[in-house]
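**Student:** Generate coordinates for the sequence data below:
(chains A and B)
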Amino acid sequence: MVGYIESLTDPSYSGQILSLTYPLIGNYGVPDKNIIDEFGIPKYFESEKIQPKGLVFHALSSVASHGSCVKTVDEWLYEEKIPGIYGIDTRELTKIIRQKGVMMGVLTVSDKPIDKIDFRKIINVEYYNTKNFMSAVSSNVVKIYGKTENKVLVLLDTGTKYSIIRHLLRIGFKVVQVPWDSTYEKILTYNPVGVIISNGPGDPKMCKPTIETAKKLIDISIPTLGICLGNQILALAGGADTYKLKYGHRGQNKSCINEENSLSYITSQNHGYGIDPLSLTSTDFQPWFYNPDDKTIEGIIHKDKPIIAVQFHPEASPGPNDCNYIFDKFKEIVNLNMREKLPNK
Amino acid sequence: MVYLLPITKEYVSKILEIERPDSIMLSFGGQTALNCGTTLFKDGILNKYGTKVLGTPIEGIERTEDRQLFKEAMEKSNVPVLPSSPSYSVEDAIKVAKNIGYPVIVRVAYTLGGKGGGVAHNEYELQEIVHRGISLSMSKQVLIEKYVGHWKQIEYEVMRDHIGNNIIVCNMENVLAMKVHTGDNIVVAPSQTLNNFEYHMLRSAAMRATSECGIIGECNIQFGLDPTSEDYCAIEINARLSRSSALASKATGYPLAYMAAKLGLGYTLDELINKVTKKTTALFEPSLDYIVVKMPRWDFNKFENVNTRLGTTMKSVGEVMAIGRTFEEAIQKAVRMCDTGKIGIVGNNSLDEKAIQELENIEYSLLNPNDNILSDLVKAIYSGMTIERINELSSIDPWFLNKIKNIVDMEKKFKKSSNNFQKHIILEAKKLGFSDQQLAYYLNLDEDQMRHLRKTFGVQPVIKQIDTLAAESPAQTNYLYLTYGGDYDDVKIKKKGKNAIVLGAGPYRIGSSVEFDWGTVNMVMGLKNNGINEVSLINCNPETVSTDFDVSDRLYFEEITLERVMDIYEKEDSDGIITCVGGQTANNLTQRLAKNGVKIIGTSSSDVDKAEDREKFGKLLDSLKIRQPPWRKFTNLAEAKTFSESVQYPVLVRPSYVLSGAAMKVVWDDKQLEKFIENATMVSPDHPIVISKFYQDASEIEVDGVGSVDKIIVGSIIEHIDNAGIHSGDAMMCIPPWRLTRSIMDSITDYSNKIVRALNVLGPFNIQFLVKNEEVLVIEANIRASRSMPFVSKYVGVNLIDLAARAMLKKPLPNIDEELWLKTSGFAIKVPQFSFMQLEGADIVLGVEMQSTGEVACFGTSFYDALSKSYIAAGYSLPLRGTSLITIGGQKNKEKLLPVISLMTSMDYKIMATEHTADFFEMKGIKDIQRIYKINEPERKPNIIDLLYQHKIDFIINIPSTSTMEKYLNMLNDEYYIRRKAVEMGIPVMTTFEAASSFIKTLQWLQTNSPTIEPLKKYLKLDY
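**Tutor:** As a prediction, the model looks like this:
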């Protein structure tokens, strides 16, 4: 219904064809990229470009209506040279994916019935599961946001959304965004009070350098927050295993229950991989959030270190803001940690 | 234990005393129940009996209902509200409004459907509204608030459990912006013009606000959102299940009331199961993969003088919900579902391009929308007005306007070229919601030809499921709709034994309300109990029980049109359709369905036709030697006049073509006949009119029953308390008959049996009779379920629809005592409920056209025991002392009313009367009449208008002269004003002799008796 701009610019969708279940797309068009919020971060976009390889939906609003609208969705796709197709029975497509699981797909134009052999050839060129997307989604330079006098949080960029940066600024820190393969030593040069490992696309096991860095971060007990892919990376670094879900969790309506207080939250989710619960039992992490429907792990917390991670998107955008408080909780953890560390210095 | 009693503090507290329940739920019976519960709490009654309120506690309810507390709660939860201030007087209100700046909106605390509120653009209007508002408010308080009519009106449905989990089940957007009350608005779900930021900004605000108010269960929150900025404000919270909640339940498949009840019992959201998937929890937010359009149904043409302008007071009487995969598809479906004769947004005969009006008129109607707003939008587009300009005037978001323009553009394609017999064009039109009827109109075909052509092209709709999860998880849901926005059916219907389709009743409207839904639901159950393996149901009214997906085996939330019913019939490979429980909408399809080869279950379509076709029915009655009032069909005025004179006026005129206003009228002389025919209708060989003799002072009787292969069961003979001439839907009625002689009852039973046998009725029937001078005449026979069947079934304790289901399947009926209705010990009286308050300007004098919007019924051990409770249930106040205003037109009426007036004086009521009436009664020896002056002579005091405003009049007997029926010629403005003002002030008005007489006799009974308070079952105790 809402959120196609945020989804289309979410780096986690890199390398995928996105099919939208809501049939009417583009109603409010596409706003100006230059609109920024009070923190200087783009208000409506989650990265600088459209991330998925293609877009599939049912009906296009060829005329869009909104105060912020500067172009229509099809104009935007055209500009960014991303193919889109509409007029599709996306409900039927959803059912196929639900039954067969997430699969490789091709968007093609043809007068003739699609040639299966050609189709296979195309698919075999790039296989999603074995591809490393990091060079495509991670910034290869260091970027700094926020007031210089604030304490530093280092954001390990495995394909971060702008909204994560927005929330880190909101809770009052300076953010140093570093490439996905930055070493632990490099991170420490910024003298951070905490580290965030961001969301991102693909199989977490492809992010070997980041996992290595995460291991060391755990060792030194620095406050760390993992989000989505970051959650999986922390789990792997802590000795747990991850696996591919049959069709993943994607949407803005997923409930999660916090094990600590049994309260539930509606979260925004976009993940195709999950943490193996059995493997988690032999690590120092314990489950924090879970999905009440399939009982998958939606967040982990370290038993005695200031390290937390969530599988869902606390930064929302698209989706509900119910879990924005995860950032505030992280701030508390960071502050507490600083206070505890003080006498040692 | 069911109590059929008024929802008032007095009655509910007595029930609490008897039943001593541990707890009470207040949020399921609308505003009536909520107000009643609040009063019970405030008066310490709940405390007295130790009854606990489940769900949202009273403090929470007060926070949402009291404007000041609401404002404070919103400020606390950081949710903006519009500048406003409460007022307790007109003077106060004027000051406040000056501060805020006009226009302002006046809101009245604790009322239903925005009753009594309004928008004031100046001081004059403000005075009027505040005056009325304060008198209606329980707390004598109104709120003056900044008016933001052009803002978007967005609603969220919130579920919240007692530990604080909350979810948003649905959000909705009102197409006609803030300008129009949501009950009268065209509503879409989910919202269409909000972006992610706005959607979630409001969503978060909804959660903060409802948490602050302490909601447990379900509530609805309304926001205004500035279309040009991100400014927003909370307008109100309904801490109860509302019309919007019903809509949200049907729009999403999430059963809000069921879940809210569970939350009230103390469950948490994660403990409950999603009733659609039956696997996942109820703790989720439904995702939709379709768009829902809710369209209100108005019935303004039933009323004289009514103001049709839409605004802050709700005026619609029902609504439909359409589901589609594009807005265009859904809105065109919705227009048809309303069943007002329109076949879509475009393609209606009355709306030709030629009929373009003056630009000024169009602009006015866009600025001040009425029930024709959609047609006005189309006219504006026809006239070449830009979308920007239409948006500026109407405040409708350009997105919706562009979609309507898409429909008009499609129409243009058809109009431009005659060569549109092409598959892709037909398919494109279908995706935009065009019906076969619309396409036939453009292509110069008839509907059947169009259907055939379409099917030859292979253009067919597909069945899609509503599964709450947009197909993400497997769901075995039977909640279905049809669309052209897809290539595959979600479900393949595999026949399991015998199946049948029941047609529901469509939108509530004047003449068809929840009674027919009761019939529909009971028919589904009856068929299931009697050998039909699978029953499918088609209906489109979100307010009904029949559209709960667990009522039938398959629910099609769809149009009840020939095209759609045929589509479903074919997809289902159905064994037959039931058309006799859905009121007129369903019944009217019988003949055309039969012609298309559909098997009609129950009475054969040709026998139904015999009852409906006046000529055939007349012949049948002749052959049975049963009389009916003389009638004839006319194609010219001269013959009509001659006939009317020969049977002697008054006559009842029924045109087959209506230009404006009501369709039926009682006419009193030649001049009036001429005027009516010339102004309101048309008479020609193509459009004949039917004229029948109208009997004055005749009583009207109805029979509800069931015919079967082996016997005929009469549920009851029902006697109207009002005389013939008041539509049966507006008449008070009584079981058993209280004035009929044995021989009359025997004739009625005998005639019923003869007619039912002659028509080979298999299923429900209703026959209406007149009794004049001890002679029984037949008015009409309806071979279908009637409005009174639930009433009768509840009274005799036998479910007539269940019997009808057996009869229709040609099964023998059980042996049931004949004259069951005579053998029950008590009385049951049904009283209509009117909505004149909301229908600004409408005259309340009743006539042959139905005007009531609902009904109540109570049982008693005596006639007045039952009647007194029914009056209270219908909202009458029954003052045991006080003052009555009497104004009566015509000598004959005055004479007739004399005994009633003397009874009143003997009961010590103070009587006020206008000059002529006072003169007459004084002459007849009635003393102490206070003379008062007419509204149109405001300088003469005491004046009626002042007395009304000062609440110095407790009830009014205002009987217009019947012999000339000024109502239809030149209305007596003064009397009309009295009636209107009284309605606006909530004062009972009796407009017929029978109504006045029963009212006074009820008051007399109440002076020495108290109404009985027993559960329904107790009154059913049979004598034998």
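**Student:** mind checking which helix or strand of chain A has the lowest mean pLDDT?
**Tutor:** Sorting the helices and strands of chain A by mean pLDDT, DSSP states H and E puts helix A:116-125 at the bottom, at a mean of 77.
**Student:** pull the CA atoms of that one into CSV?
**Tutor:** These are the backbone C-alpha positions of helix A:116-125, laid out as CSV (Å, rounded to 0.1, in the frame of the first residue of the first chain):
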residue,chain,number,x,y,z
LYS,A,116,13.2,-22.4,-21.6
ILE,A,117,16.7,-23.0,-22.6
ASP,A,118,17.5,-19.4,-23.0
PHE,A,119,15.8,-18.8,-19.8
ARG,A,120,18.0,-21.2,-17.9
LYS,A,121,21.1,-19.7,-19.5
ILE,A,122,20.2,-16.3,-18.2
ILE,A,123,19.5,-17.6,-14.8
ASN,A,124,22.8,-19.4,-14.6
VAL,A,125,24.8,-16.3,-15.3
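**Student:** Outline the domain layout of the chain.
**Tutor:** Because you didn't say which chain, this covers chain A. Domain ranges of chain A: A:4-129, A:134-344, per automatic domain parsing.
**Student:** actually it's chain B I care about, not the one you picked
**Tutor:** Domain ranges of chain B: B:9-54, B:83-147, B:339-462, B:469-589, B:630-691, B:699-823, B:864-1008, per automatic domain parsing.
**Student:** The last one - what's its average pLDDT?
**Tutor:** Read it as domain B:864-1008. Mean pLDDT, computed over domain B:864-1008, is 87.
**Student:** same check, this time on the shortest one
**Tutor:** Summarised as a single mean, pLDDT over domain B:9-54 is 96.
**Student:** returning to that earlier point: need the domains of chain A in JSON lines (columns: distance to chain B and mean neighbour count).
**Tutor:** All C-beta atoms are positioned from the backbone trio N, CA, C, and that covers glycine. Output for the domains of chain A, formatted as JSON lines (distance: least, CB to the nearest CB, whole Å; neighbours: other CB atoms under 10 Å in any protein chain shown):
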{"stretch": "domain A:4-129", "distance to chain B": "4", "mean neighbour count": "18"}
{"stretch": "domain A:134-344", "distance to chain B": "4", "mean neighbour count": "21"}
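**Student:** Looking at those, which is nearest to residue B:121?
**Tutor:** Closest approach to residue B:121 among the domains of chain A is made by domain A:4-129 (26.6 Å; CB to CB).
**Student:** Centre of the chain to the closest one, how far?
**Tutor:** What separates the centre of domain A:4-129 from the centre of its chain is 16 Å, taken as CA atoms, centre = their mean, to the nearest Å.
**Student:** what's the answer for stretch B:154-162, then?
**Tutor:** 26 Å.
**Student:** Going by mean pLDDT, which of the domains of chain A comes out lowest?
**Tutor:** Looking at the domains of chain A, the bottom one is domain A:4-129 with a mean of 92.
**Student:** Could you work out the end-to-end span of that one for me?
**Tutor:** 24 Å (CA to CA, to the nearest Å).
**Student:** Report all helices and strands that the lowest-mean-pLDDT helix or strand in chain B contacts.
**Tutor:** One helix or strand of chain B scores below all others by mean pLDDT, DSSP H and E: helix B:973-985, with a mean of 79. Other elements packing on helix B:973-985 under the criterion 3 or more CB pairs under 8 Å, 6 or more residues apart in numbering or on different chains; DSSP states H and E are helix B:123-136, strand B:883-888, helix B:944-949, strand B:955-959, strand B:989-990.
**Student:** same thing but at 6 Å, please
**Tutor:** Applying 3 or more CB pairs under 6 Å, 6 or more residues apart in numbering or on different chains; DSSP states H and E, one finds that helix B:973-985 contacts helix B:944-949, strand B:955-959.
**Student:** Of the ones you listed, flag the one that's most buried.
**Tutor:** strand B:955-959 (a mean of 25; mean count of other CB atoms under 10 Å in any protein chain shown).
**Student:** angle of that one against strand B:883-888?
**Tutor:** 0 degrees (axes from the mean of the first three to the mean of the last three CA atoms, to 10 degrees).
**Student:** How about residues contacting strand B:955-959?
**Tutor:** With contact meaning CB atoms under 6 Å, 6 or more residues apart in numbering or on different chains, strand B:955-959 is reached by B:884-888, B:893, B:975, B:978-979, B:982, B:988-991, B:996.
**Student:** rewinding a little: could the domains of chain A go into a markdown table alongside distance to residue B:608?
**Tutor:** What follows is those, written out as a markdown table (distance: least, CB to CB, whole Å):
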| stretch | distance to residue B:608 |
| --- | --- |
| domain A:4-129 | 40 |
| domain A:134-344 | 48 |
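**Student:** can you tell me which of these comes nearest to residue B:573?
**Tutor:** That would be domain A:4-129 among those, by CB to CB, at 22.3 Å.
**Student:** So which residues on the stretch 751-900 of chain B come close to chain A?
**Tutor:** Proximity of the stretch 751-900 of chain B to chain A, by CB under 6 Å from any CB of the partner chain, involves no residues.
**Student:** What ranges in the stretch 751-900 of chain B fall below the confidence cut-off?
**Tutor:** Scanning the stretch 751-900 of chain B for pLDDT under 70 picks out no residues.
**Student:** Residue of it nearest chain A, please.
**Tutor:** In the stretch 751-900 of chain B, the residue that lies nearest chain A is residue B:838 (32.5 Å; CB to the nearest CB).
**Student:** Surely that residue is within a strand?
**Tutor:** No. Counting by DSSP: H, G, I helix; E, B strand; the rest coil, residue B:838 is not found in a strand; it is coil.
**Student:** Contacts for the least confident helix or strand of chain A, please.
**Tutor:** A:104, A:106.
**Student:** go with 10 Å
**Tutor:** With contacts defined as CB atoms under 10 Å, 6 or more residues apart in numbering or on different chains, helix A:116-125 is touched by A:103, A:104, A:105, A:106, A:108, A:110, A:115.
**Student:** quick one: contacts for residue 152?
**Tutor:** Using chain A here. A:144, A:146, A:173-176, A:187, A:190-195.
**Student:** Can you look at chain B instead?
**Tutor:** B:173-175, B:177-178, B:191, B:193-194, B:198, B:202, B:223-227, B:232, B:395, B:397.
**Student:** All the helices of the stretch 151-300 of chain A, in order from the start?
**Tutor:** Per DSSP state H, counting those that start in this stretch, the stretch 151-300 of chain A carries helices over the ranges A:162-170, A:184-188, A:208-219, A:229-237, A:277-280.
**Student:** Could you give the separation of the last one from the chain centroid?
**Tutor:** I take that to be helix A:277-280. 22 Å.
**Student:** And the first one, by the same measure?
**Tutor:** The gap between the average C-alpha position of helix A:162-170 and the chain average comes to 13 Å, counting by CA atoms, centre = their mean.
**Student:** From the contact counts, what lies against that helix?
**Tutor:** For helix A:162-170, the helices and strands in contact under the criterion 3 or more CB pairs under 10 Å, 6 or more residues apart in numbering or on different chains; DSSP states H and E are strand A:143-145, strand A:152-157, strand A:174-179, strand A:194-197, strand A:224-227, helix A:325-341.
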